[in-house]
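> how would this look folded up:
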Amino acid sequence: MTPDEIQDLIRKVAHVPLPWVVALLMTAVLTAVHVERAPNGDVTASFGVGSPTLIALGLIWLPMLLKVFALVGGSFKAAGVEAIVPGVLSEADAIELGVRTRQVTGARDEADRAAAAVELEDSIARLTLPVLSSGEALPDSVLSQLARSYEHLRREMPSGAARTSAMTRIVNEASFRASTAVTDARPKALRLLRSPAEGDRIVGLALTQETGDREAADDVLRLVTESSTAFEMFHALRAVQEIAPALDSEQRARALSILESESADPRSVGISQDAGLSYLLPRTLAILREHE
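Residues are numbered from 1 along each chain as shown. Here you go, the predicted model:
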């Protein structure tokens, strides 16, 4: 989580709805005022703070306490009854995420920041995996929505860092979802990689980056040589890196031949002018050679 996201979370947790506050303040005032009628008909009023007033004032913070309990868990005892809330995060988990986040934001250089970001991602995956695994993380409807969102971004947003960041977020979500259901992700990836729709192919590449499935090798290599955009080629190369350890000698030789040919930019896609591709292509070749 970024500092802005942490601050946003704190604001949401600390927010108490105004109608709730007004209602309980009125209740507190009414319970503190005591009106008595004397035998002669005179009316007297007195003010005293008793248990009902204190309870009403204390309940003002109930919405915030419930949100905190939902996040970190806790127990509450009253009138002989104890309620225990396990929470999404334990106290240790919350501290761990805070420490990991501080390591990212307080890193001295890019190398430290990258290493800290990997640790933060691992921590988040460990905490969220049981939650995601309890449901269906890869429904076709969600994968289709991600694919259509990618196509919409590419069609409607001007090219640049903002669009690349938005499209990369879609890839990351698909990849993360695949990490919770690798067995389900493999056949879905193969189907998507063979789709004529560019959004489907991008989502298929994202799934393959997580599964490292050698069965997808031919489809991924085809997308390296037939990619319609530099973004698609970039993520096809990333998928090649992930499947490289599982390739047999024949598949690896073919992959090396294809990537060496692409290094010459036979389709004039501007590999040398694209910072990402100019780095990733030789890096992918090196990874393939490491597994020879």
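> what residues are up against Ser149?
Counting by CB atoms under 8 Å, 6 or more residues apart in numbering, Ser149 touches 170, 199. No exception for glycine: its C-beta is placed from N, CA and C like everyone else's.
> helix/strand/coil for it?
Here Ser149 is recorded as helix under DSSP: H, G, I helix; E, B strand; the rest coil.
> go on, the one 10 residues further on?
When the structure is split into helix, strand and coil by three-state DSSP, Ser159 lands in coil.
> and it, how far from Glu121?
As defined by CB to CB, to the nearest Å, Ser159 lies at a distance of 27 Å from Glu121.
> ok, these two, which is more surrounded?
More crowded of Ser159 and Glu121, by other CB atoms under 10 Å: Glu121, with 14 against 11.
> so where's the stretch 151-292 of the chain shaky on pLDDT?
292 (pLDDT under 70).
> helices along that one, start to end?
161-179, 182-193, 198-211, 217-226, 230-243, 249-263, 275-290 (DSSP state H, counting those that start in this stretch).
> the third one to helix 182-193, inter-axis angle?
Angle between the axes of helix 198-211 and helix 182-193 is 150 degrees (criterion: axes from the mean of the first three to the mean of the last three CA atoms, to 10 degrees).
> cool, and the longest one?
An angle of 130 degrees separates the directions of helix 161-179 and helix 182-193 when computed by the same axes, to 10 degrees.
> what helices or strands is helix 161-179 leaning on?
With contacts defined as 3 or more CB pairs under 8 Å, 6 or more residues apart in numbering; DSSP states H and E, the packing partners of helix 161-179 are helix 110-133, helix 140-156, helix 182-193, helix 198-211, helix 230-243.
> need these in CSV (columns: distance to Ile271).
Below are the helices and strands packed on helix 161-179 laid out as CSV (distance: least, CB to CB, whole Å):
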stretch, distance to Ile271
helix 110-133, 24
helix 140-156, 20
helix 182-193, 22
helix 198-211, 18
helix 230-243, 8
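> looking at the ones you listed, which is closest to Val224?
helix 230-243 (4.6 Å; CB to CB).
> name the surrounding residues that touch that closest one.
Outside helix 230-243, the residues touching it (CB under 8 Å, 6+ apart) are 154, 164, 167, 171, 198, 201-202, 205-206, 208-214, 216-217, 220-221, 223-224, 227, 255, 259, 269-270, 274, 276-277, 280-281, 283-284, 287-288.
> among those, which ones are buried?
154, 164, 167, 171, 198, 201-202, 205-206, 208-213, 216-217, 220-221, 223-224, 227, 255, 259, 269, 274, 276-277, 280-281, 284, 287-288 (16 or more other CB atoms under 10 Å).
> where does pLDDT dip in the stretch 1-150 of the chain?
1-95, 97-98, 102, 105-107, 118, 122, 124-136.
> if you set the cut-off to 50 instead, what comes out?
Counting by pLDDT under 50, the ranges of the stretch 1-150 of the chain that qualify are 1-3, 5-7, 9-10, 12-14, 16, 20-21, 57, 60-66, 68-87, 134.
> my read: Trp208 touches Ala216, true?
Let me fix one detail, which is that residue 208 is Thr and not Trp. Yes. Using CB atoms under 8 Å, Thr208 makes contact with Ala216 at a distance of 4.8 Å.
> list residues touching both of the two?
Shared contacts of Thr208 and Ala216 (CB under 8 Å, 6+ apart): 189, 193, 239, 243.
> from Gln251, how far off is the second one?
To Gln251, Leu193 is 16 Å away according to CB to CB.
> so for these two, which sits in the more crowded spot?
Set side by side, Leu193 and Gln251 give different neighbour counts by other CB under 10 Å, the larger being at Leu193 (23 against 17).
> could you chop the protein up by domain?
Annotated domains of the chain cover 3-70, 138-290 [automatic domain parsing].
> any idea how far Phe176 is from Ser261?
Taken as CB to CB, the span from Ser261 to Phe176 is 33 Å.
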